[in-house]
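In: Structure of the sequence below:
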Amino acid sequence: MAFSAAQNRHFREEDWLKFAATGPVSSDEVAATALFLAGGYWYGHADSLFRVAERLSPGSVGKFSERARAVEFNCSRLDHMLKTRITHEPRHP
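Out: Numbers count the residues shown, from 1 in each chain. Below you'll find the predicted structure:
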C-alpha cells in the first residue's frame, strides 16, 4: 500500500519492477495491482502500468480477471485503502 501510494506522486516503472523482484509480494500480485490501477481513471500512469504488467506477466494485459483470480486479488479493498492513504498521507507526513 505504501509503495503504490508513493508511486502515485513519483511514478517510475523501474521501481515497480524492482519491487516485484525484491518486495514482500509476488510478481504476479504486482502485475495484478498494475493492471487494476491502469484500468481505473483515478490513479493515472495507465500506459506505464500496462507496460509493467506486461513485463512481469507477459500476455496479461487485457486479462485482469484471470490475474486477479490467480492471486486472490481484492479489488474493493485495494481501491478503498489506497484512495484513503493517498488522500490522507500528504496531510500527515
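In: In which helix or strand does the nearest residue to Gly44 once chain neighbours are set aside reside?
Out: Distance criterion C-beta to C-beta, 6 or more residues apart in numbering; nearest residue to Gly44, sequence neighbours excluded, is Asn8 at 7.1 Å. In short, each C-beta sits where N, CA and C put it, glycine included. Using DSSP states H and E, Asn8 maps to helix 2-9.
In: Mean confidence (pLDDT) on that helix, please.
Out: Averaged over helix 2-9, pLDDT sits at 89.
In: tell me what that helix is packed against?
Out: Under the contact definition 3 or more C-beta pairs under 8 Å, 6 or more residues apart in numbering; DSSP states H and E, helix 2-9 sits against helix 13-22, helix 75-88.
In: want to try TSV for those, with mean neighbour count as columns?
Out: Converted to TSV, these look like this (neighbours: other C-beta atoms under 10 Å):
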stretch	mean neighbour count
helix 13-22	15
helix 75-88	13
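In: Including mean pLDDT, could the ones you listed go into CSV?
Out: Converted to CSV, these look like this (pLDDT from 0 to 100):
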stretch, mean pLDDT
helix 13-22, 96
helix 75-88, 87
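In: among those helices, which is nearest Phe36?
Out: Phe36 sits nearest to helix 75-88 of all those, at 6.1 Å, using C-beta to C-beta.
In: now the angle between helix 2-9 and that closest one, please.
Out: If you take axes from the mean of the first three to the mean of the last three C-alpha atoms, to 10 degrees, helix 75-88 sits at 60 degrees to helix 2-9.
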